[in-house]
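[1] Quick one, what's the 3D model for this:
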Amino acid sequence: MSEETYPVPSRAMRGARSSMPAQAEKGRTAWVRWMIVLGLFAGSAAAAFAQEVSETRDRSWEGRRERRIAPFRRDAEAVMKLVEPLMTSLHDATVEVLSEGRPAALGIVIDARGLVLTKASQVPGTSELAVRFSDGRRYNSIRVAERRTNDLVLLQMEGAERMSFATVAFSDQDPPSVGSLLISAGPDGKPIGLGTVGVPPRPVEEFGVLGINLEDGPTGPIVAVVLPDSGAAEAGIQDGDIVESLDGTSYRTAEGLRKALGALYPGDRVKLSIRRGDERLDLTAELRDRWQLLIGDRAELMVNGPTNGRASGFEQAIQHDTVLEPNRCGGPIVDIEGHVVALNIARAGRVATYAIPAEIVQRDINSMLEELAQAETIATPDAETTPVSAVQGGE
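    Numbers count the residues shown, from 1 in each chain. Alright, predicted model coming up:
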């Protein structure tokens, strides 16, 4: 899969890494860590006897989430306040990313001059994008580099190149082990969810499908069946349509078209030229996750709650059970020592949220910064650039 890089205004690429004050912060962090463990243990025992306080007849996702949280649940307000001291370094570096003025994802500032990392499929390049800080500051933003293999994109905040921002520093430790407690940060760096690691880092295969069955025809691939509730059905594709081209490329056989579609990701949008009798149509369709298509959108919402359009196709991902809204992916995860160990990338099911481990996120950040620095050098040969090693140095 090819990586994409977009031109950016010339600037020296460098970053700043933040760290906590040494002894006092270590002592407080250790105290908080033990309080979390003891509190969650006690809460789990009490929860066996606790009941939800105000039941509702509405069995939908929204109805269940509206019920009052039992006092001993791990996402209770008291527990969230307990873990909040672990998130202090994230308060000014975790942001909300807006698409067409609406919250689309979370993001993190990774470069002091205004570069933000977020979930790519939530912020399409055709949309008007902006980054909003918890204090209300808002910057229009553009996509400048992307890593489709992990659904990551860098945004440049416009007009922010001469400013200085707090940044997120990723841990260089091994990924959290199964059973480890994870704390997800919200747009102001405060905790929005607690979960535990269920599956260690592993590849998450891509399952993007358009929702059509194809057959060979005398003049090109023919749509034999359009699956209901699929991206193809929503786009208006019908049984018997002849697919003349996909994103401008013609395919003579059904197998060739299948391979081209198989190289795409859930959430990708494609342009299809269709011949229907004497009529020629240009349609745009979105690939959907295969699992969502199999069980249906309504069933998915009722059982698991809303999920991301792209919830598969990641090089390596940790699976944990934190419940997040799709537009709360793209934010950082810390462990019980306050280390940033991963980035939430997709809500995939009732007990499945995926996160990209810190090591892979950092690698992708470095490679994108490298490409941007090279693009600057080509555009302005006399400009000074900061080496990548100085941008994201290890501790």
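
[2] Give the residue farthest from the middle of the protein.
    Largest separation from the mean C-alpha position in the chain: Asp278, at 42.7 Å (Cα atoms, centre = their mean).

[3] Ile242 versus that one, what's the distance?
    Distance of Asp278 to Ile242, computed by Cβ to Cβ, to the nearest Å: 12 Å. To be clear about C-beta, it is placed using only N, CA and C from the backbone, and glycine gets the same treatment.

[4] Could you list the domains of the protein?
    4-197+320-391, 208-291 (automatic domain parsing).

[5] Output those in CSV; the columns should cover distance to Phe314.
    Output for the domains of the chain, formatted as CSV (distance: least, Cβ to Cβ, whole Å):
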stretch, distance to Phe314
domain 4-197+320-391, 6
domain 208-291, 10
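
[6] Would you convert these into CSV that also reports mean pLDDT?
    Below are the domains of the chain laid out as CSV (pLDDT from 0 to 100):
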stretch, mean pLDDT
domain 4-197+320-391, 79
domain 208-291, 94
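
[7] Quick one: the helices in the stretch 251-395 of the chain, in order.
    Along the stretch 251-395 of the chain, counting by DSSP state H, counting those that start in this stretch, helices occupy 254-262, 290-295, 297-304, 358-379, 388-391.

[8] any idea what sits nearest Ser245, other than its immediate chain neighbours?
    Using Cβ to Cβ, 6 or more residues apart in numbering and skipping the chain neighbours, the partner closest in space to Ser245 is Ser273 (4.3 Å).

[9] Give me the number of neighbouring residues for the one you found.
    17 (other Cβ atoms under 10 Å).

[10] Same question for the one 3 residues further on.
    A count of neighbours around Arg276, defined by other Cβ under 10 Å, yields 14.

[11] wait, what's in contact with it?
    The contact partners of Arg276, taken as Cβ atoms under 8 Å, 6 or more residues apart in numbering, are 238, 240-242.

[12] In the chain, which residue is most central in space?
    Geometric centre of the chain, nearest residue: Ile345, 3.0 Å, by Cα atoms, centre = their mean.

[13] Please report the distance of that one from Thr88.
    On the measure of Cβ to Cβ, Ile345 and Thr88 end up 24 Å apart.

[14] what's the distance between Asp247 and Leu261?
    Taken as Cβ to Cβ, the span from Asp247 to Leu261 is 10 Å.

[15] can you list residues touching both of these two?
    With Cβ under 8 Å, 6+ apart, Asp247 and Leu261 have common neighbours Val270.

[16] Look at these two and report which has more neighbours.
    In this view Asp247 and Leu261 are compared by other Cβ under 10 Å, and Leu261 has more residues nearby, 19 against 12.

[17] isn't the more buried one right up against Ala285?
    No - with contacts counted by Cβ atoms under 8 Å, Leu261 stays clear of Ala285, the gap being 10.1 Å.

[18] Contacts only, for Glu234.
    Residues in contact with Glu234, defined by Cβ under 8 Å, 6+ apart, are 285-286.

[19] Can you name the helix or strand that it falls in?
    According to DSSP states H and E, Glu234 maps onto helix 231-235.

[20] from the middle of its chain, how far away would that helix be?
    With Cα atoms, centre = their mean, to the nearest Å as the basis, helix 231-235 stands 24 Å off its chain's centre.

[21] after it comes which helix or strand?
    Remark: after helix 231-235, the chain's next helix or strand is strand 242-246, criterion DSSP H and E.

[22] Can I get that following strand in CSV, CA atoms only?
    C-alpha atoms of strand 242-246 as CSV (Å, rounded to 0.1, in the frame of the first residue of the first chain):
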residue,chain,number,x,y,z
ILE,A,242,-21.6,-3.4,-15.7
VAL,A,243,-18.6,-1.9,-13.9
GLU,A,244,-16.6,0.0,-16.5
SER,A,245,-14.0,1.4,-14.2
LEU,A,246,-13.0,1.8,-10.6
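
[23] so it versus helix 254-262, what angle?
    50 degrees (axes from the mean of the first three to the mean of the last three Cα atoms, to 10 degrees).

[24] Report the separation between the residue nearest to Phe165 when sequence neighbours are not counted and Ser89.
    Nearest residue to Phe165 in three dimensions, chain neighbours excluded: Val109, at 4.8 Å (Cβ to Cβ, 6+ apart). Using Cβ to Cβ, Val109 is found at 12 Å from Ser89.

[25] Find residues that contact each of these two.
    Here Val109 and Ser89 have 166, 168 as joint contacts, going by Cβ under 8 Å, 6+ apart.

[26] Please give the element, helix or strand, for the residue nearest to Val334 when sequence neighbours are not counted.
    In space, and not counting its chain neighbours, Val334 is closest to Ile183: 5.1 Å by Cβ to Cβ, 6+ apart. According to DSSP H and E, Ile183 maps onto strand 181-185.

[27] What subset of the contacts of Arg276 is buried?
    241-242 (16 or more other Cβ atoms under 10 Å).

[28] Out of the domains of the chain, which is closest to Ala311?
    Nearest of these to Ala311, taken as Cβ to Cβ: domain 4-197+320-391 at 4.0 Å.

[29] Enumerate the beta-bridge partners assigned to the residue nearest to Val334.
    Note on Ile183: beta-bridge partners by DSSP bridges are Leu194, Val334.
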